[in-house]
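Student: Just a sequence and a predicted model for now, questions to come.
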2 protein chains.
Amino acid sequence: MNTPSSLEELIKALRCLPGVGPKSAQRMAYHLLQRDKQGALHLARSLAHAVESVKHCSKCNNFSEEETCVLCSSSRRETNLLCVVEMPADLLMMEQAQCFRGMYFVLMGRLSPLDGLGARELPLERLVKRAQELACEVILATNFTVEGEATAHYLATLLRAQGIKVSRIARGLPVGGELEHVDSGTLAQAVLERRAVTE
Amino acid sequence: MNTPSSLEELIKALRCLPGVGPKSAQRMAYHLLQRDKQGALHLARSLAHAVESVKHCSKCNNFSEEETCVLCSSSRRETNLLCVVEMPADLLMMEQAQCFRGMYFVLMGRLSPLDGLGARELPLERLVKRAQELACEVILATNFTVEGEATAHYLATLLRAQGIKVSRIARGLPVGGELEHVDSGTLAQAVLERRAVTE
């Protein structure tokens, strides 16, 4: 009752941000109105502009302002590998690691029944179509979390049924990792998935 | 380079929210564009609307859409007490406690040199003017944090120099508090500020 309605509306609207509860929303609203009105206006414009211009690349499903994103239109990428990642941030990490020159497919999520994300919420038909189009090996690079592993398992079954070759990125000790400090699950996997030393 | 410019701009703009770093900003932008475009547009409109309509009450300095807020215009408040709080949330807590029927003054901050907030950033002239106008007792209800205590000390000196009666809300054990579980600082203050038992 002592809060102006437009301020109350703003506090409510801020709740749409992930991880922002009533207390944080209030703190954010106070901060913006008291100390950063310019920032607030800039944020309002950026939100409207991004919602209007950001679409999905028709090939890799990543965010893009064009029908086909820069990476998918590039002639310098190899088309014999298709790497499936969960989120655009994962694609950026792959690119930063400079370990992969193939194409990508971004799921924009993972199987997570608890969050209401089932197989129908993922663009699986488009993934299969893209893999068949490229007629290439698919590398599953979803996270090694419970949801990521479940997603990889589901995708592997789906893709193999279409006669597509599927692989999964390796688990093991991180570079610079010491046995003393690694968790036992990772160590067990590293032993299980050991490689033959040749040469 | 693989991130559309409007998305990058949005991620940068989200950083103006307090407590939001680069990773959270990215997560928020992905979430809004992937799962809640309506929420994003609503947030954009709410921001613009709040920045335009929310001003400060000319009397209590609280956020208000009117020149004078509902509380200050009410004829049912007592004008012989002026309670100084740091933020609008503190005023709401006071009102919820239903322990106070006087007027308020909201500092919209506290003395916090580390955050670049000195005495000049607080509306102290307006506070003194308001206290003189009401010719009443001022109750300092800033927090019992280091900054809140410093602010209370500063305000007490300032207001007493103008011949204004000043008091501070009490420190002590919370209602339902047990000596066994209270911190020693609070217990020491409760002993120091003990009250005579009369009747």
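Tutor: Noted; the coordinates are in hand. Residues are numbered from 1 along each chain as shown, chains lettered A, B, ... in the order given.
Student: Partner strands of the helix or strand that residue A:104 is a member of, with direction?
Tutor: Taking DSSP states H and E as the definition, one finds residue A:104 inside strand A:103-106. Take DSSP bridges as the rule and strand A:103-106 pairs in its sheet with strand A:81-85 (parallel).
Student: if we look at the strand it pairs with, which residues are touching it?
Tutor: Contact partners of strand A:81-85, identified using Cβ atoms under 8 Å, 6 or more residues apart in numbering or on different chains, comprise A:91, A:94, A:100-107, A:127, A:130-131, A:134, A:136-142, A:155. C-betas here are computed from N, CA, C, even on glycine.
Student: Not counting residues beside it along the chain, what's closest to the residue nearest in space to the middle of chain A?
Tutor: Taking Cα atoms, centre = their mean as the criterion, residue A:87 is the residue nearest the geometric centre of chain A, at 0.8 Å. Distance criterion Cβ to Cβ, 6 or more residues apart in numbering or on different chains; nearest residue to residue A:87, sequence neighbours excluded, is residue B:30 at 6.3 Å.
Student: again, but for residue A:144
Tutor: Leaving out its chain neighbours, the residue that sits closest to residue A:144 by Cβ to Cβ, 6+ apart is residue A:171, at 6.1 Å.
Student: pretty sure the one you found is in contact with residue A:187, am I right?
Tutor: No: under the criterion of Cβ atoms under 8 Å, residue A:171 lies out of contact with residue A:187, with a separation of 10.4 Å.
Student: if we can go back for a sec, from what I can see the residue nearest to residue A:87 touches residue A:88, true?
Tutor: Yes: applying Cβ under 8 Å, one finds residue B:30 in contact with residue A:88, separated by 6.5 Å.
Student: Could you check which of these two is surrounded by more residues?
Tutor: Comparing residue B:30 with residue A:88 by other Cβ atoms under 10 Å in any protein chain shown, the one with more neighbours is residue A:88, at 25 against 20.
Student: how close does that one sit to chain B?
Tutor: As judged by Cβ to the nearest Cβ, to the nearest Å, residue A:88 and chain B stand 7 Å apart.
Student: which ones are touching that residue?
Tutor: In this structure, residue A:88 makes contact with A:62, A:63, A:106, A:108, B:2, B:3, B:30, judged by Cβ under 8 Å, 6+ apart.
Student: show me where chain A has helices.
Tutor: All helices of chain A, identified by DSSP state H, fall at A:5-14, A:22-35, A:37-53, A:70-73, A:88-97, A:124-134, A:146-160, A:184-192.
Student: Any idea which of those gets closest to residue B:46?
Tutor: With Cβ to Cβ as the measure, helix A:5-14 is the member of these nearest residue B:46 (3.8 Å).
Student: who touches the closest one?
Tutor: Helix A:5-14 is touched from outside by A:3, A:20, A:22, A:24-26, A:28-29, A:32-33, B:39, B:42-43, B:45-47, B:49-50, B:52-54, B:63, B:65, with contacts defined as Cβ under 8 Å, 6+ apart.
Student: Low-confidence bits of chain A, can you list those?
Tutor: Where chain A drops to pLDDT under 70, the residues are A:1, A:199.
Student: May I see the buried residues of stretch A:76-92?
Tutor: Buried residues in stretch A:76-92, counted by 16 or more other Cβ atoms under 10 Å in any protein chain shown: A:81, A:82, A:83, A:84, A:85, A:86, A:87, A:88, A:90, A:91, A:92.
Student: hmm, I was thinking of stretch A:25-35
Tutor: With burial defined by 16+ other Cβ under 10 Å, the residues of stretch A:25-35 counted as buried are A:25, A:26, A:27, A:28, A:29, A:30, A:31, A:32, A:33, A:35.
Student: chain center to it: distance?
Tutor: What separates the centre of stretch A:25-35 from the centre of its chain is 30 Å, taken as Cα atoms, centre = their mean, to the nearest Å.
Student: so how far is residue A:106 from residue A:123?
Tutor: In this structure, residue A:123 and residue A:106 are 9 Å apart, going by Cβ to Cβ, to the nearest Å.
Student: quick one: which of those two has more around it?
Tutor: Each of residue A:123 and residue A:106 had its neighbours counted (other Cβ under 10 Å), and the higher figure belongs to residue A:106 (23 against 16).
Student: That one and residue A:91 touch, don't they?
Tutor: Yes: here residue A:106 reaches residue A:91: they are 5.9 Å apart, a contact under Cβ under 8 Å.
Student: Overlap of the contact sets of the two?
Tutor: Common contacts of residue A:106 and residue A:91 (Cβ under 8 Å, 6+ apart): A:62, A:85.
Student: picking that back up, save the buried residues of stretch A:25-35 as CSV, and put in distance to residue A:15 too.
Tutor: Rendered in CSV, the data for the buried residues of stretch A:25-35 read as follows (distance: Cβ to Cβ, whole Å):
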residue, distance to residue A:15
A:25, 5
A:26, 10
A:27, 12
A:28, 10
A:29, 11
A:30, 15
A:31, 16
A:32, 14
A:33, 16
A:35, 21
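Student: quick revisit: with the contacts of residue A:88 in mind, which one is nearest to residue A:164?
Tutor: For the contacts of residue A:88, the closest approach to residue A:164 (Cβ to Cβ) belongs to residue A:106, at 17.8 Å.
Student: pretty sure residue A:61 contacts residue A:103?
Tutor: No: assessed by Cβ under 8 Å, residue A:61 is found out of contact with residue A:103, at 11.3 Å.
Student: What is the neighbour count of residue A:126?
Tutor: Neighbourhood size, residue A:126 [other Cβ under 10 Å]: 15.
Student: Could you check how far it is from chain B?
Tutor: The value you get for residue A:126 to chain B, if Cβ to the nearest Cβ is used, is 15 Å.
Student: In TSV: the contacts of residue A:88, plus distance to residue B:116.
Tutor: TSV is the format used below for the contacts of residue A:88 (distance: Cβ to Cβ, whole Å):
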residue	distance to residue B:116
A:62	40
A:63	36
A:106	41
A:108	40
B:2	37
B:3	32
B:30	32
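Student: Could you tell me which of those residues are located in strands?
Tutor: Counting by DSSP state E, the part of the contacts of residue A:88 found in strands is A:63, A:106.
Student: Looking at the contacts of residue A:88, which is nearest residue A:159?
Tutor: Distance from residue A:159 was checked for each of these by Cβ to Cβ. The minimum falls on residue A:106, at 16.0 Å.
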